[in-house]
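A.B. asks: Structure here, sequence nowhere to be found:
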């Protein structure tokens, strides 16, 4: 997932690790960002795989900056990753957020494919939440107050999922008009 983000960011221009981390934070939020302790080893791993190069750039300060630049193999790898189906796991939501942040790099048909997959995921979330709500309402093993609290949380999750589904539908409609 972070590999997709790094390669996608480098599609537009070379960047430092600091710039990559800041871009990730603005895409997924500060609570889901990557630490420098994980980012730099990942950059080294991607460089070893030949998908990017790392070079030191002199600066006006004492410390040079490490700049990552995408290679042709990295471009190919990016298109492979962005075209791959998204696995349904705890990273699914985040992976879709990353994919939609790179829609501008895709042709319209692939943009639609990505958005439709996201729409299917969002619709599935809504269905799961409706099932959960029905099970909670008739759970004889829970105290009434706990049921009410769980239903409140379910309502919040449903509002978020519905907003996401509506957003994806609007994006698909916009793409169809263009």
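C.D. replies: Sure thing, it's come through. Owing to the predicted nature of the structure, the values given are computational and were not obtained by experimental measurement.
A.B. asks: Surely residue 5 and residue 97 touch.
C.D. replies: No. Applying CB atoms under 8 Å as the test, residue 5 and residue 97 come out as separate, 9.4 Å apart. (Glycine included, C-beta is placed from N, CA and C.)
A.B. asks: so what's in contact with those two at the same time?
C.D. replies: Counting by CB atoms under 8 Å, 6 or more residues apart in numbering, the contacts common to residue 5 and residue 97 are residue 27.
A.B. asks: higher neighbour count, these two?
C.D. replies: Just comparing residue 5 and residue 97: by other CB atoms under 10 Å the higher neighbour count belongs to residue 5, 24 against 17.
A.B. asks: Which residue is the nearest non-sequential neighbour of the more buried one?
C.D. replies: Distances taken as CB to CB, 6 or more residues apart in numbering place residue 98 nearest to residue 5, at 4.9 Å, with adjacent residues excluded.
A.B. asks: measure the one you found to residue 8 for me?
C.D. replies: Using CB to CB, to the nearest Å, residue 98 is found at 7 Å from residue 8.
A.B. asks: swap in residue 109?
C.D. replies: Look at residue 109 and residue 8: by CB to CB, they are 18 Å apart.
A.B. asks: more crowded one of those two?
C.D. replies: Neighbours per residue (other CB under 10 Å) separate residue 109 from residue 8, with residue 8 holding more: 22 against 9.
A.B. asks: OK, contacts around that one?
C.D. replies: 78, 82, 98, 101, 102, 105.
A.B. asks: mind running it again at 7 Å?
C.D. replies: Contacts for residue 8 (CB atoms under 7 Å, 6 or more residues apart in numbering) come out as 78, 98, 102, 105.
A.B. asks: Let me know the average pLDDT across whatever helix or strand it lives in.
C.D. replies: Here residue 8, judged by DSSP states H and E, is contained in helix 2-10. Mean pLDDT, helix 2-10: 93.
A.B. asks: And for stretch 75-86?
C.D. replies: Predicted confidence along stretch 75-86 averages 95 (mean pLDDT).
A.B. asks: How is this structure partitioned into domains?
C.D. replies: Recorded structural domains for the chain (assignment: automatic domain parsing) are 1-85, 107-178.
A.B. asks: Tell me how far the first one lies from the chain's centre.
C.D. replies: Read it as domain 1-85. What separates the centre of domain 1-85 from the centre of its chain is 14 Å, taken as CA atoms, centre = their mean, to the nearest Å.
A.B. asks: where do the strands sit along this protein?
C.D. replies: 15-16, 52-57, 65-70 (DSSP state E).
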